[in-house]
Every structure is written in C-alpha cells, then in structure tokens.
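S.K.: prediction below, plus the sequence it came from.
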Amino acid sequence: MKPLRNDCFALPPGVNWTPVEEALERLRSRLHPVVEIERAVPLSQVNGRILANDVHAPRAHPPSNNSAVDGYALAGPVTDVPCTLPLVEGRSAAGEPYTGQVPEGHAIRILTGAVIPAGTDTVVLEEDCDVADGQLHLNGTLKAGANARKAGEDIKAKDKILTTGTRLSPTQISVLASVGVESVDIYQRLRVGVLSTGDEVKPVGATVTDWQIYDANRPMLSALVSQLGYELVDLGHALDRAEEVKAALERGAEHCDLILTSGGVSAGDEDHVSKTLKAHGDISNWRIAIKPGRPLALAMFQGTPVVGLPGNPVAAWVCALRFGAPAMALLAGAEWFEPQAYVMPANFSKNKKPGRSEMLRARVRDGQVEVFGSEGSGRVTGLAWSDGLVELDESAQQIEPGTPVRFIPYGSFGL
Ligand SMILES: Nc1nc2c(c(=O)[nH]1)N[C@H]1C(S)=C(S)[C@@H](COP(=O)(O)OP(=O)(O)OC[C@H]3O[C@@H](n4cnc5c(N)ncnc54)[C@H](O)[C@@H]3O)O[C@H]1N2
Ligand code: MOO
C-alpha cells in the first residue's frame with residue numbers, strides 16, 4: 001500500500017475558482033487505492049466488495065453445446081418440409097446426456113439444458129412438431145443450430161471475465177459462479193470516518209434550545225458511506241474548539257482511510273475545521289465553482305485524507321456525491337466514475353447566471369424532470385423529495401419547459 005503524498009491536494013499558485021470538471025480531474029489524478037488486499041474470499045462474502053485482481057474463466061460457459069428448449073435434436077438445417085425422421089431410443093436430459101451417436105437422418109428427444117448429442121446440432125421445439133409411432137413429423141423449416149447454445153458462446157475458457165476495480169454485485173457474482181470461481185481477491189473495505197462540527201449542532205436525542213439544531217449531516221453521511229459499501233467510523237461531533245476538532249481528527253487518522261467532516265470550512269471566525277487542518281495538516285481550501293457547495297476543504301491530516309464538506313446539508317450532500325463518492329471509489333480500489341447523466345426535457349423554467357455549475361434537487365415524473373421549489377441549501381425537505389440532481393454547467397442558460405437538461409439519478413453515484 002502506497003500512502004498519499006501530503007501535498008496531494010495542493011492547488012497551483014493563483015488558482016481561485018476551480019470549475020467542477022477541473023476539481024474532479026485533480027482528485028482523479030492525485031488519488032489511488034489505499035486499502036490492502038484480502039486474498040481468496042469466498043463468493044458468499046463478496047457482494048458489494050471491490051475486486052483486487054482481474055479474473056479469468058477457468059472453463060467455458062456453457063461448457064458444452066446444449067439445448068435451449070424441450071424438443072427433438074436433429075442435424076440441421078431442415079429445408080424440405082413436411083418431412084419425417086425416425087426417433088432413436090433414449091433421450092438427452094439435463095444432467096443425463098445421451099452418450100451414443102445419432103445416425104444420419106434421425107432425431108432424438110432432448111430437454112432444456114441437455115447436451116446436444118453427437119450427430120445433431122439443431123433442436124426443434126416440441127410445440128412445433130408432432131410425434132407418432134416413433135416418428136418425428138416436421139412442418140416448418142429450421143436453420144442449422146436453431147435452439148442450440150454453443151459451447152463457450154458466452155464465455156471461453158481463459159477469457160478475462162471481470163477486471164480489477166469492479167464493484168461486485170449479484171450479477172457479477174453469477175458470472176463468477178457460472179465458470180466455477182469459488183473465491184476472489186478483494187480490497188479491504190475503505191474505512192470512512194464521519195465527523196460533524198459546530199457549537200449549534202446537537203446529536204438527535206440531546207436536549208436542544210432554540211439556537212441549537214439537530215445534526216442532520218452525520219446520520220445522512222453515515223448512511224451514505226454504509227450504502228456505498230464502506231466501513232463507517234462514527235467520529236461523533238466536535239464543538240467549535242481547536243482542541244476538540246483536533247482530537248476528533250486524530251481519532252479519525254488512527255482508525256480511518258478517509259475522514260468526511262461537515263461544517264466549519266468557510267472563512268468564518270468559528271470555522272475550526274479549516275483552522276485546525278491549516279495548523280496541523282496540509283490543507284487546500286478549494287473554492288469550487290458549484291452551487292451549492294462552494295467551499296470544499298481537502299487536506300491531509302497525519303497521513304489521512306480529509307474532505308471538509310460545507311455545513312449546509314444540501315451542500316454537504318451534493319459535494320459528498322459529486323466529489324466524495326468518486327474519490328472514495330478510487331481510494332477503495334474501484335475505478336473512478338463519472339456519474340451517468342440522462343438528458344431529459346425539463347418541466348421547469350430557470351434563468352441561470354454564468355460562472356458556477358448548479359446542482360438542483362430533481363426527480364423524473366412522466367418523462368420530464370422537475371426540480372424542487374427552493375434552492376435554499378438548508379432545505380432538507382428537498383433532499384428527501386428528490387431522486388437525483390440536475391447538473392447545469394458554468395454557462396448562462398435560459399431553461400424553459402421542454403429544454404433538455406442533464407438528470408443524474410442518485411443510483412448513478414452508486415446508491
Ligand atoms: N463570507 C462567507 N460566508 C459564507 C460563505 C462564503 O463563501 N463566504 N459560504 C457560504 C456557504 S455557500 C456555505 S455552504 C457555508 C459553509 O460554511 P461551513 O462549512 O463553514 O459551515 P457552517 O458555517 O459550519 O454551517 C453552515 C450551515 O450549516 C448548518 N450545519 C452545519 N452542520 C450541520 C449539521 N451537522 N447538520 C445540520 N446543519 C448543519 C449550520 O448550522 C449553518 O446554518 O458558509 C456560507 N457562508
Ligand atoms: O455551499 Mo453553500 O450554499 O453553496 O450551501
């Protein structure tokens with residue numbers, strides 16, 4: 001495992017506003033997997049985990065020519081119809097292949113999944129023929145190879161079936177099992193610490209007064225980390241005091257591969273996350289040309305990367321998805337990803353100013369994209385309302401109902 005460099009988030013001199021694409025490219029080029037490899041983990045334990053090696057097929061799939069239907073095997077093609085073929089004794093069933101040779105001009109009973117017997121290559125569906133007195137009567141023509149699955153048509157022995165960095169899901173596990181792969185090498189789970197900050201912030205369950213708010217970010221970010229398949233390390237909540245923030249970051253550096261904080265990253269007097277990272281780490285305050293989520297602090301603290309998300313819950317969510325999710329993927333050994341967007345007609349109007357990209361809480365209804373009524377970055381109801389985000393680039397734009405917009409469903413971020 002190669003540690004990240006302390007200056008890995010440093011910005012070139014003179015950089016003030018970073019466009020989203022540039023910020024993403026910078027993250028992509030500076031991060032790499034930081035987790036160890038777990039060897040030979042059984043398939044039953046790898047769902048959601050990230051593959052640490054390419055996997056090659058030990059055998060072909062299917063391993064032999066076999067029938068896709070219940071019917072009768074014969075040598076194709078069948079062109080002169082109607083015709084009659086004598087049936088040979090016996091049958092080929094799945095798990096019980098016919099071992100003899102079917103003589104020329106004959107047919108044999110075959111069941112779905114059964115090996116195609118020697119002397120045949122084509123199968124007629126039982127609904128498409130008649131059988132009487134040991135004879136098969138055909139009325140329709142058949143192409144050679146019809147209803148037969150060829151050995152190796154899906155996977156050939158030694159084919160590369162999955163590549164390093166793939167996040168395993170039930171569908172990939174099926175591919176591994178189909179060629180008899182019992183276990184694979186995976187990356188250890190990325191350990192992600194989540195820390196909330198702020199004197200006004202109190203955990204759910206605490207007694208609160210009017211000037212205090214419940215911590216909405218930590219439960220949200222914790223759920224995000226877990227849902228993305230990483231190991232959550234709850235770093236709790238730190239008051240706006242340098243020593244508290246430092247102690248929490250130290251715990252994080254000891255137990256985590258990455259720390260996500262929220263709050264305390266803008267330029268205010270009480271923005272202790274920035275101050276602590278500046279005093280004890282290597283910090284770059286990225287001012288990203290994005291709304292919401294302009295302030296994003298990226299730092300190395302005692303060898304551990306820290307993503308300092310803005311405090312407003314909507315900004316924290318947007319930045320955690322747009323920047324955090326691909327960054328976590330890279331650190332965890334997965335491939336960098338650009339979330340898949342779908343271009344769909346808007347059913348809203350908006351006059352967008354130039355300068356910053358905007359991420360709007362959005363959802364699709366009847367094939368059109370609607371956006372939440374308020375863009376306020378403290379409005380958590382819009383998060384629960386949305387199924388994804390509309391991403392508008394930095395340019396000035398006049399959007400009317402029907403204008404194509406880029407909708408990114410939350411699923412595109414790995415949720
Ligand atoms: N002079 C400037 N002021 C601000 C700027 C700026 O560029 N110049 N940026 C604004 C933007 S945009 C945002 S976003 C915030 C980000 O600031 P911080 O990351 O320092 O966040 P805080 O000030 O600590 O909190 C912002 C807001 O969010 C609430 N909050 C914080 N943590 C939580 C939590 N865990 N759960 C729920 N809500 C939380 C906090 O009470 C504040 O209302 O700065 C702007 N100001
Ligand atoms: O990051 Mo702030 O508005 O953009 O919430």
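M.R.: Sure thing, it's come through. Ligands and ions are numbered 1, 2, ... in the order given.
S.K.: hey, let's count contacts and neighbours off CA atoms from now on
M.R.: OK.
S.K.: Thr276 - that's part of a helix, no?
M.R.: Yes - when classified by DSSP: H, G, I helix; E, B strand; the rest coil, Thr276 is found to be part of a helix.
S.K.: thought it was touching Lys246?
M.R.: Yes - with contacts defined as Cα atoms under 8 Å, Thr276 counts as touching Lys246 at a distance of 6.3 Å.
S.K.: is it true that Glu89 touches His106?
M.R.: No - under the criterion of Cα under 8 Å, Glu89 makes no contact with His106, lying 10.4 Å away.
S.K.: between these two, who's got more neighbours?
M.R.: His106 (19 against 10; other Cα atoms under 10 Å).
S.K.: do you know how far that one is from Leu85?
M.R.: In this structure, His106 and Leu85 are 5 Å apart, going by Cα to Cα, to the nearest Å.
S.K.: same deal with Gln45?
M.R.: The spacing between Gln45 and Leu85, counted by Cα to Cα, is 51 Å.
S.K.: quick one: which of these two has more around it?
M.R.: Each of Gln45 and Leu85 had its neighbours counted (other Cα under 10 Å), and the higher figure belongs to Leu85 (17 against 10).
S.K.: so how far is stretch 352-360 from its chain's centroid?
M.R.: Averaged C-alpha coordinates place stretch 352-360 at 26 Å from its chain's average position (Cα atoms, centre = their mean, to the nearest Å).
S.K.: just stretch 213-226 next, same as before
M.R.: 20 Å.
S.K.: and that stretch with ligand 1, contact?
M.R.: Yes - using Cα under 6 Å from any ligand atom, a contact is recorded between stretch 213-226 and ligand 1, made by 215-218.
S.K.: is it true that Lys353 touches Asp393?
M.R.: No - with contacts counted by Cα under 8 Å, Lys353 stays clear of Asp393, the gap being 10.3 Å.
S.K.: how many other residues sit next to Val192?
M.R.: With neighbours defined by other Cα under 10 Å, the count for Val192 comes to 25.
S.K.: to clarify, my last question referred to Trp317.
M.R.: The number of residues packed around Trp317, counting by other Cα under 10 Å, is 25.
S.K.: against Glu127, how distant is Val364?
M.R.: According to Cα to Cα, Val364 and Glu127 sit 44 Å apart.
S.K.: near ligand 2, which residues of the chain show up?
M.R.: Counting by Cα under 6 Å from any ligand atom, the residues of the chain lying close to ligand 2 are 291-295, 310, 312, 315, 377.
S.K.: I'd like those residues written out as JSON lines, with secondary structure and pLDDT added.
M.R.: As requested, the residues of the chain next to ligand 2 are arranged in JSON lines below (DSSP: H, G, I helix; E, B strand; the rest coil; pLDDT from 0 to 100):
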{"residue": "Lys291", "secondary structure": "strand", "pLDDT": "91"}
{"residue": "Pro292", "secondary structure": "coil", "pLDDT": "91"}
{"residue": "Gly293", "secondary structure": "coil", "pLDDT": "81"}
{"residue": "Arg294", "secondary structure": "coil", "pLDDT": "79"}
{"residue": "Pro295", "secondary structure": "strand", "pLDDT": "81"}
{"residue": "Pro310", "secondary structure": "coil", "pLDDT": "92"}
{"residue": "Asn312", "secondary structure": "coil", "pLDDT": "95"}
{"residue": "Ala315", "secondary structure": "helix", "pLDDT": "95"}
{"residue": "Ser377", "secondary structure": "coil", "pLDDT": "92"}
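S.K.: of all pairs in the residues you listed, which one is the farthest apart?
M.R.: Based on Cα to Cα, the longest span within those runs between Pro295 and Ser377 and measures 12.8 Å.
S.K.: flag every residue of the stretch 101-250 of the chain that's near ligand 1.
M.R.: Contact residues, the stretch 101-250 of the chain versus ligand 1 (Cα under 6 Å from any ligand atom): 196-198, 201, 215-218.
S.K.: which residue, other than its chain neighbours, is closest to Pro292?
M.R.: By the measure of Cα to Cα, 6 or more residues apart in numbering, the closest residue to Pro292 outside its immediate chain neighbours is Ala315, 4.8 Å from it.
S.K.: drop anything exposed from the residues of the chain next to ligand 2.
M.R.: The neighbour-count test (16 or more other Cα atoms under 10 Å) applied to these identifies 291-295, 310, 312, 315, 377 as buried.
S.K.: nearest to Gly229, of these?
M.R.: Ala315 (22.1 Å).
S.K.: contacting residues for the closest one?
M.R.: 291-293, 309, 377 (Cα atoms under 8 Å, 6 or more residues apart in numbering).
S.K.: mind running it again at 7 Å?
M.R.: In this structure, Ala315 makes contact with 292-293, 377, judged by Cα atoms under 7 Å, 6 or more residues apart in numbering.
S.K.: I'd like the distance between it and Glu104.
M.R.: For Ala315, the distance to Glu104 equals 73 Å [Cα to Cα].
S.K.: appreciated, that's everything.
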